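A.B. asks: Using only what follows, build the 3D model:
(chains A and B)
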Amino acid sequence: MEGKRIRVLIAKPGLDGHDRGAKVVSLALRDAGMEVFYSGLHRSIDEIVAIAEQEAVDVIGLSIMSGAHLPICERLMERLKEKDMSDVHVAVGGVISKDDVPKLEAIGANGVFPGGTRFDVIVHSIRSWF
Amino acid sequence: MGVARYEKNDKDAIEEVIYQSGIKVKPVYGPKDLEEIGFDYEKDLGDPGQYPFTRSLHPQGYRSRAWTTRQYTGFGTPQESNERFKYMIAHGQTGLNVAFDLPTQMGYDSDSPNAEGEVGRVGMAVDSLRDFEIAFEGIRFDSIGSGLTINAVASIMLAMYQAVAEKFGYAKEQISATPQNDILKEMIGRGAWIFPVEPGVRLVCDAVEYSVKHLPRCNPVSICGYHIRESGANPVQEIAYAFEIARAYIDNLKDRGLSPDEFVGRFSFNLNVYGNLWEQVAKFRAARKLWARMLKEDYGVSDKKNLYLRGLFGGGGSGLTKEQPENNIIRGAYYALAAALSGAQTTALCSFDEAYTIPTPRAALLSLRTLEILMEEVGLRDTVDPLAGSYFIETLTKEMEERIIAEMRRVQDMGGMVHAVSEGYIQREVARQAYEFEKSIQNGEVTKVGVNKYVEGEQPDVELHEYDDSWARTQIARLEELRRTRDHREVVRSLKTLEQAARSGGNVMPALVDCCRAYATVGEMTGVFRDVFGEWSEPRLF
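C.D. replies: Next up, the predicted model:
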C-alpha cells in the first residue's frame, strides 16, 4: 500500500456516550497522516459496517467502554464476513482487561489497545498491517 | 488529568509555570500585583455572605454549617436499588442520588433490542411507574430528597417521581427531586442525548417551568461543568461553558414570560475539583462572583439568595490513574482540600479504585473519611475563605475571572450556546484540548506521577463490574406482565395527549404525569418524542 493513505473508521457502538478516547485517537491518527472517519455516538454494528463500506476504509477501530467488547467484536466480525469485507482490519480500544486481549485476538481483532496506550504504538501497529 | 506545565533549566530550577487555563505564574507575588489589578475589597470580594459572594455564600462559611456530602447509588433492578436506598438512609444519609442504566437514560424499554446487555448495568432499570413503586417503597418523600442523574428524559423521570409520590399519598408540593436535566452538557461530553438541540432544550425548560409553578421543593436543573471538564475542557472553559449553558436555559424560560427571579434560585451546578490546587481555588472564587454578577447585571435578579452559585464541587475522576492506584487516595485528599478552601457547599469524592473498577465499599468509605478529616480534624472549618487577601490568590482569581469572561464572550460571538453546540464548535474545541493534553502526558511535558514519572512495578489490571443477566430477565418479565395487565385504552389516550402537547409547543409535563399514572413506559413516552422531534445527528468532529 505504498503511497496510499490508510483509511480508518473510528466507531462508537452501543449506548455508551464516553467518547473522549475515540475522539483523541481519531485526531492522533489524522495527525499521523491517515484518512480518518469518526462515526459519532450510539451506532449499531450494521451502521458501522455501512459507513465502512461506503468510505472504503482499511481499518475499523471500535471504542468500547462498557465492558461488552467481546460480543460486539464478534458481531462485527460476522457482519464483515457476510458482506465479504474480511480484508478490513479491526482494532479495539477501551476498558479492556489483560485477560480479554488474547480473546479479542482469537475472535479476529488485528490490534487491541486498552485505555492509555501510547499514540505512537497505535500508529505503528496500524501501519505494520499494510 | 489537568496539572500545570513546568519548564525547567538544566539545574532543575523552574523557569516557567503555565496552568491548564494558560495563565503563567510568577515566582513571587506582592502588594504591587494587587495594585496592578486594581484590587478593591468591596468590589472584588465583599464580606463573606455579601455580593458578589467571592468569599462565601454565607457570612460564617463552614463555622455555621459544614459542607454536605452525597453518594451516587442505584444498580440492577428496582428491588436491589430499594434495598440499597433503605440501607443508606438507615446509615444516616438524608438524600438519595439515583443512577439509571443506559437504556433508561436513552429512553429505551428493557425489552428493546437496543437495551441488550445493558439492563441494570450502570444504574437502575426503569420502564414504568411500577418500577418506581418498587424502588421508592418505604421512602419518606417529605423528608428524603432524590437526585435523579438523568438528562435527555429527565422530564419523564420528574413526572414519574411526582406520580409515585402521589401513589404513596404525598402531595406534589411535598416532594423534593433534583433531576440533572442538563442536555447541553450531554452534547458536549457524556453523550446521553436523544433529540436535536432545540427540542432538547425545550424539554429541560418544560421541567423547570413546571417545577417553578407546581413543585416548590424541586430543583429542576443541575448544570454540569463537571462532565465538560472530564471531556477535556480547561477550568476556564468549564465555568464559561456552564454559565453560557445556564444563559441558554434562562433565555428560553424568559421567553415563556417567567421572570428570572422566579427560577434562577432553583438552578444548581456540578463542578470539578481536580488539577492544580491554586487554579481550582481561584476558579471557584471567580465563579461565585461572576454568576452573581451575570444574574444581577444581565437579568436584573434582585433577591440576594437567587444570586448564589449553589452546587456540588467535587469528583475529580479524570485526575485519578489506574497506575499505582493508592496514589489516588492522596490525590483525592488534595482535591477535597481544594473544595474546602473554595468554600464548597456540597461535595463528593471519586474513590481511589474508580479508575479501574466500580468502587468497593471500603474505597467509598475512605472518600467519606477524607472529607470528614478535613472538616473535623485539620481545621478547614476554622475561618471563612482563609486564602482571601493573598497577593497570589487574589491576582489569580482576577486572571481567572477575566479569562472566563473572555471565553463566555467567545461563545456569545458564536451565536450563543445552542448554536455553538448545534454546529459542533464547542465539541471540537474540547476534543482538540483533550488531544493536546494527552500528547503532553505522553511526551512528558506535564508530569503525572506513576504514569510518566516514578513509574514502577506491575500495573494493576482493570476489573469490570460483574454483570448479572438475571436483572434483565426479571425486568423484562415484569414489563411483559405490565403490558398484559394495564388499561390499554388509558395508555393510548395518554400517549395521544402527550403527542398533542409535544406538537403544540405547550409544556409537556402535565401530559407526562398523566402518561406515568396510566403506566405508559419510558420507551413509549420517549417514542412519542422521537416521532415528533426526531433524533440529533451529531456535528462532524473534523
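A.B. asks: among the helices and strands of chain B, which has the poorest mean pLDDT?
C.D. replies: Lowest by mean pLDDT, DSSP states H and E among the helices and strands of chain B is strand B:68-69, with a mean of 83.
A.B. asks: Select the longest helix from the chain.
C.D. replies: Since you didn't name a chain, this refers to chain A. helix A:69-82 (DSSP state H).
A.B. asks: my bad, the chain I had in mind was chain B
C.D. replies: helix B:391-413.
A.B. asks: Name the next helix or strand following it along the chain.
C.D. replies: helix B:417-423 (DSSP states H and E).
A.B. asks: Does the helix or strand following that next one reach chain A?
C.D. replies: Next helix or strand after helix B:417-423 toward the C-terminus (DSSP H and E): helix B:425-442. Yes: with CB under 8 Å from any CB of the partner chain as the criterion, chain A is reached by helix B:425-442 at B:431-432, B:434-435, B:438-439, B:442. Every residue, glycine included, has its C-beta placed from N, CA and C.
A.B. asks: Kindly report the same for stretch B:467-479.
C.D. replies: Yes: interface with chain A: stretch B:467-479 contributes residue B:467 (CB under 8 Å from any CB).
A.B. asks: Report the separation between the closest residue to chain B within chain A and residue B:13.
C.D. replies: In chain A, the residue that lies nearest chain B is residue A:17 (1.8 Å; CB to the nearest CB). Distance, residue A:17 to residue B:13, by CB to CB, to the nearest Å: 44 Å.
A.B. asks: Dig out what the residue most central in space within chain A forms beta bridges with.
C.D. replies: The centroid of chain A falls nearest to residue A:61 when counting by CA atoms, centre = their mean (0.9 Å). Assessed by DSSP bridges, residue A:61 has beta-bridge partners residue A:10, residue A:91.
A.B. asks: circling back: who has more neighbours out of residue A:17 and residue B:13?
C.D. replies: Neighbours per residue, other CB atoms under 10 Å in any protein chain shown: of residue A:17 and residue B:13, the larger number sits with residue A:17, 20 against 8.
A.B. asks: Up against chain A, what does chain B have?
C.D. replies: Residues of chain B that fall close to chain A, judged by CB under 8 Å from any CB: B:102-103, B:105-106, B:108, B:114-115, B:117-118, B:121-122, B:186, B:189-193, B:230-232, B:322, B:431-432, B:434-435, B:438-439, B:442, B:451, B:461-465, B:467, B:537-538, B:540-542.
A.B. asks: hmm, back to that, any chance of the residues of helix B:425-442 next to chain A in a markdown table, plus pLDDT and neighbour count?
C.D. replies: Shown next, in a markdown table, are the residues of helix B:425-442 next to chain A (pLDDT from 0 to 100; neighbours: other CB atoms under 10 Å in any protein chain shown):
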| residue | pLDDT | neighbour count |
| --- | --- | --- |
| B:431 | 97 | 26 |
| B:432 | 96 | 16 |
| B:434 | 95 | 22 |
| B:435 | 96 | 21 |
| B:438 | 94 | 22 |
| B:439 | 95 | 16 |
| B:442 | 95 | 18 |
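A.B. asks: Serialize those to CSV and add fields for distance to residue B:218.
C.D. replies: Shown next, in CSV, are the residues of helix B:425-442 next to chain A (distance: CB to CB, whole Å):
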residue, distance to residue B:218
B:431, 34
B:432, 37
B:434, 34
B:435, 39
B:438, 39
B:439, 44
B:442, 45
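A.B. asks: follow-up on the earlier one: what is the longest helix of chain A packed up against?
C.D. replies: With contacts taken as 3 or more CB pairs under 8 Å, 6 or more residues apart in numbering or on different chains; DSSP states H and E, helix A:69-82 sits against helix A:45-54, strand A:59-64, strand A:89-94, helix A:100-107.
A.B. asks: Looking at those, which one is packed in the most?
C.D. replies: Highest mean neighbour count among the helices and strands packed on helix A:69-82 (mean count of other CB atoms under 10 Å in any protein chain shown): strand A:59-64, with a mean of 25.
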